[in-house]
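Visitor: make a model of this:
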Amino acid sequence: GSFLTSLTIAREWERGTMEQLIATPIGPFEIQIGKLIPYFVIGMVDTAICAVIAVLWFRVPFRGSWTVFFGCSMLFLTAVLSLGYYISVTSKSQVGASQMAMLTTFLPTFLLSGFIFPIEQMPVVVQWVTRILPGRYYVAILRSVFLKGTPTSLLLEPIGALALIALVLIVLAARAFHKRLA
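Guide: Model prediction:
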């Protein structure tokens, strides 16, 4: 998600269409929403497809709530898409934006989210770093909801942390975009 959205505004600069975007009467937040909605829909469709394949093809038992699963997936997508948009706004080239997205999202999420290596076995400093990664909370929520059927009341901490990260990234991304040529 972050990789694709990291190219949205950078692409406008490279194609020379930023002037047209700036001339529109809509605000930065509306531009952000307009740029992110298509990727959000694609991400949710991908999430549904992956969940169906996991349950039907691979026979992974789903023991939790579908509502919590999709709600948390929406939060996670909002966070990573907003992060990608923020990267796109701060970079003027697609190559730079894609490299920043890969370096700041894919690798840390893959290695530090608890997906491959247990967070508890990481050095304490690295454990603290994982607290700012949306993937950490999403992996914990997925394991709890999908495999264990954990009630929502016991997931308030990771859901709250994911919501806070999403909110901060939405605000940062909206504030980083300025409707002026620079």
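
Visitor: among the helices and strands of this protein, which has the poorest mean pLDDT?
Guide: Sorted by mean pLDDT, DSSP states H and E, the helices and strands of the chain end with helix 18-23, the least confident at a mean of 81.

Visitor: which residues are in contact with the residue lying farthest from the centre of the chain?
Guide: Within the chain, Ala23 marks the point farthest from the mean C-alpha position, 28.6 Å out by Cα atoms, centre = their mean. By Cβ atoms under 8 Å, 6 or more residues apart in numbering, Ala23 lies in contact with nothing. Yep, even glycine has a C-beta here, placed from its N, CA and C like the rest.

Visitor: can you give me the helices in the protein?
Guide: Using DSSP state H, the helices found in the chain span residues 2-5, 8-15, 18-23, 28-52, 66-90, 94-101, 107-112, 124-130, 134-142, 156-176.

Visitor: in JSON lines, list the ones you listed along with distance to Phe58.
Guide: Shown next, in JSON lines, are the helices of the chain (distance: least, Cβ to Cβ, whole Å):
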{"stretch": "helix 2-5", "distance to Phe58": "25"}
{"stretch": "helix 8-15", "distance to Phe58": "33"}
{"stretch": "helix 18-23", "distance to Phe58": "43"}
{"stretch": "helix 28-52", "distance to Phe58": "10"}
{"stretch": "helix 66-90", "distance to Phe58": "16"}
{"stretch": "helix 94-101", "distance to Phe58": "29"}
{"stretch": "helix 107-112", "distance to Phe58": "20"}
{"stretch": "helix 124-130", "distance to Phe58": "27"}
{"stretch": "helix 134-142", "distance to Phe58": "14"}
{"stretch": "helix 156-176", "distance to Phe58": "24"}
